[in-house]
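Visitor: Turn this into a structure:
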Amino acid sequence: MPTHGAHLRKDRENELVVLRPLAERFPNVDAAMAEIARLSAVLTLPKGTIHVISDIHGEDQKLRHVINNASGTLRPLVEKLFAGYMEPKKFQEFLTLIFYPAEMTTQLEKQPRTEAELREFARSTLRNLFELARVLAGRYSLKRAMEVFPAEYSGLMAEMLHEPTTERGAEFAAAIVDELIRRGRIWNLIHVTVRLVRNLAIYELIIGGDCWDRGPRGDLVVDYLRKQPNVSFIWGNHDVAWLGASLGHGALICHVLRVSLRYRRLGQIDEGYSIPWTPLEHLARTIYADDPATHFMPKGEGLRPAVVVARMQKAAAVMQFKFEGQAIARNPEWAMSHRRLLHQIDYKKGTITLDGTVHELRDKNFPTIDPKNPYELSAEEQACFDRLRHSFLNSQKLGEHMRWLVSHGAMYLRRDDNLIFHGCVPVDESGEFLPMIIDGEPCKGRAMFNAIEKMLVRVIDQPAEKDLDLLWYLWSGPRSPLFGKDRITTFERDFIGDQSVHHETKGPYFDLIHEAWFCDKVLKEFGVAPAHGLIVNGHVPVKIEKGESPLKRSGKAITIDGAFSAAYGDHGYTLVLEANRTFLALHHHFESVEAAIRDGVDIVPSVTNIRTWEPPRRMADTERGVEFRCQIEQLENLIDAYRNNDLRQTQAR
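Guide: Numbering: from 1, shown residues only. Model prediction:
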């Protein structure tokens, strides 16, 4: 039997194994002490500014503008630094350059200028941009600031960031400008310097879920997010639906197709992800050729005739209901048999029985349904679906997007005493956490979120049918923390005129977050101190036009789904966590990038303070500060190992 001393030696050996990679970075006592001193200084800096945006729903251009103007926080700083001495036209041009560097540099490059005029413009513009960058970089350690420098210009930008000095004259920066003008790369430097300013303005960008649906291009939303230097992502129910579709789940493939057709967002499917509409269009033009599809008419205009798009949407919807019925039958633990609806239809009478009540169907044409086997695909549907599924599984870009989201994603995050998740925590009327079966075990509260997150990481490489079905349940199941309603009434809205059956009842969570005791319970469950804690959710649009407040009566919960998408209301929120305050920025209608450049239009948000901090919070007060203190502790252990000669030091040469 091993002795106590043997156990101690084993523990010490394990500790040294952990320290050896650290020793490669800090090879001696002096190097480790210098890093401890640096980290200790970083802890005194103001905490980084975090921006939280939720429910983007495919509005890629509006998202781009909100990020580029740092949710309205950049404009006041630019005004403070430059408005006093720049003439209005030049100031507006400078602002527009900051918000739209790619478009503006292209436009400015086309303007006729002599070489002397180009030199003067480039010098003054870069001087102003680096003055702005110096102010923003002052909030960070030099190491952190340089992490967001474009790699190819990192050394050059470091030089320019520290110019001017008493030893360096104006000719230092002038030489840089002149050389890049000579080589035809000055506009590229201006462009990437603007990008540096934007990256320094936001320490971390958190997306609170729902990148797709309703808006035009969910694919371009993810493309743009992938370009940001420090992004964290929280799963929403629309996101898991697209994840399931990318992995071949029948109901979710048909769902994302149906929604794209309903809102005429076909481009994100064929242009964005190279998934052709041809199989579904063929099904619509043959099997549904004479169907008026009156209640499936798409919103908006497009190249395809509306009736063709309507028939395609109906064809996708019917296949979706069949696949959903199959998934529910495979998972009796969900207790959702009442949502298997196709066998409740009397196809001769054109009626359906819902919850014991008979309703007339307003659309009685079901050319692909066999009443004896209503959940089986017809031969034509199967041929169509097989081709669609192959396209989803083999879309390289869709697969890349999903792997990126999984690698950056979480079910919840804690930042500066804010607990951030997309939807809700499933509870009963008394506030008790309700369980959901995951991997055969009932999980509730924080354990439920952790189990779902584990599954999301697993399913991208091991798409088992049980996990894919769970993705569908997360999209629309009553115990799903990403959904939070008793049902999703897609079938009823499509086929039943009686609007009373269209209602979806929200879970008790959405009423209970008005109560301080309940918010404290949720905050404690997720490891956030209730004294200053704030629950941050998206998912449910705030009815701004009806005067609804995003901040709940408890003062401890806030909803930041401000109807970002034009289909929901064209507003949108950013929750901004600064060192001295937490505030909510309400964004307004965004016309277009072209209008912003042509007319100098900016989305100037309305700002509401949620919390104020005196003194301002420092890095030491944040989750990042906890990480820094852990690093300092490890470095102290490394120093002890050097001094005890358990690890050998390497002296610098």
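
Visitor: Surely residue 460 and residue 404 touch.
Guide: No. Counting by CB atoms under 8 Å, residue 404 is not a contact partner of residue 460; they are 10.4 Å apart. All C-beta spots, glycine's among them, are computed from the backbone N, C-alpha and C.

Visitor: Okay, now the unreliable bits of the stretch 101-250 of the chain?
Guide: For the stretch 101-250 of the chain, the stretches with pLDDT under 70 are 163-169.

Visitor: Give me the local confidence score for residue 653.
Guide: Residue 653 carries a pLDDT score of 62 in this model.

Visitor: again, but for residue 602
Guide: Looking at residue 602, its pLDDT reads 58.

Visitor: Quick one: the helices in the stretch 501-650 of the chain, in order.
Guide: 509-512, 516-525, 593-599, 623-643 (DSSP state H, counting those that start in this stretch).

Visitor: Near residue 547, how many other residues are there?
Guide: If you count neighbours by other CB atoms under 10 Å, residue 547 ends up with 7.

Visitor: Tell me who's in contact with it.
Guide: Shown in contact with residue 547 (CB atoms under 8 Å, 6 or more residues apart in numbering): no residues.

Visitor: what about it, distance to residue 514?
Guide: According to CB to CB, to the nearest Å, residue 547 stands 16 Å off from residue 514.

Visitor: Equivalent analysis for residue 401, please.
Guide: 37 Å.

Visitor: Comparing those two, which shows the higher neighbour count?
Guide: residue 401 (25 against 14).

Visitor: can you redo the helices of the stretch 501-650 of the chain as TSV with mean pLDDT and distance to residue 531?
Guide: Putting those into TSV (pLDDT from 0 to 100; distance: least, CB to CB, whole Å) gives the following:
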stretch	mean pLDDT	distance to residue 531
helix 509-512	97	20
helix 516-525	98	9
helix 593-599	66	42
helix 623-643	95	16
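
Visitor: Any idea which of the ones you listed gets closest to residue 562?
Guide: helix 509-512 (16.4 Å; CB to CB).

Visitor: who touches that closest one?
Guide: Residues from elsewhere that reach helix 509-512 (CB under 8 Å, 6+ apart): 424, 425, 426, 427, 431, 484, 518, 540.

Visitor: Ignoring the adjacent residues along the chain, who's closest to the third one?
Guide: When you say that, I think you mean residue 426. Of all residues not flanking residue 426 in the chain, residue 434 sits nearest, at 4.3 Å (CB to CB, 6 or more residues apart in numbering).

Visitor: The one you found against residue 428, yeah?
Guide: Yes. Between residue 434 and residue 428 there is a contact at 5.9 Å, judged by CB under 8 Å.

Visitor: In terms of neighbours, single out the busier of the two.
Guide: The neighbour count for residue 434 versus residue 428, taken as other CB under 10 Å, is higher for residue 434 (18 against 12).

Visitor: For the more buried one, report the pLDDT, please.
Guide: On pLDDT, residue 434 comes in at 98.

Visitor: Can you get me the start-to-end distance on stretch 365-378?
Guide: End-to-end distance of stretch 365-378 (CA to CA, to the nearest Å): 15 Å.

Visitor: in the longest helix seen in the chain, what counts as buried?
Guide: Looking across the chain with DSSP state H, the single longest helix is helix 306-330. Neighbour counts over helix 306-330 (16 or more other CB atoms under 10 Å) mark 306-328 as buried.

Visitor: what's the answer for stretch 431-444, then?
Guide: For stretch 431-444, burial by neighbour count (16+ other CB under 10 Å) applies to 433, 434, 436, 437, 438, 443, 444.

Visitor: if I look at the closest residue to residue 230 other than its chain neighbours, how far off is residue 449?
Guide: Nearest residue to residue 230 in three dimensions, chain neighbours excluded: residue 204, at 4.9 Å (CB to CB, 6+ apart). Residue 204 is 20 Å from residue 449, where distance means CB to CB.

Visitor: Ok, residue 549 next?
Guide: Where residue 449 is concerned, residue 549 sits at a distance of 26 Å (CB to CB).

Visitor: Between these two, point out the one with more neighbours.
Guide: Using other CB under 10 Å, the more surrounded residue of residue 549 and residue 449 is residue 449, with 20 against 12.

Visitor: Surely that one touches residue 421?
Guide: Yes. Using CB under 8 Å, residue 449 is in contact with residue 421, at 7.1 Å.

Visitor: Need the residues touching each of those two.
Guide: Residues touching both residue 449 and residue 421 by CB under 8 Å, 6+ apart: 411, 412, 481.

Visitor: Most neighbours of all those, which one?
Guide: The shared contacts of residue 449 and residue 421, ranked by neighbours (other CB under 10 Å): first place residue 481, 27 neighbours.

Visitor: Contact partners for that residue?
Guide: Contacts of residue 481 (CB under 8 Å, 6+ apart): 411, 421, 422, 423, 424, 425, 426, 448, 449, 452.

Visitor: Pretty sure the first one sits against residue 454.
Guide: No. The pair formed by residue 411 and residue 454 falls short of the contact definition of CB under 8 Å, at 9.5 Å.

Visitor: ok, which stretches of the stretch 351-500 of the chain are strands?
Guide: Taking DSSP state E, counting those that start in this stretch as the test, the strands found in the stretch 351-500 of the chain are 351-354, 357-360, 409-410, 412-415, 418-421, 436-438, 441-443.

Visitor: so how far is the last one from its chain's centroid?
Guide: A distance of 27 Å separates the C-alpha centroid of strand 441-443 from that of its chain, computed with CA atoms, centre = their mean, to the nearest Å.

Visitor: Kindly report the same for the fifth one.
Guide: Using CA atoms, centre = their mean, the mean C-alpha position of strand 418-421 is found 14 Å from that of the whole chain.
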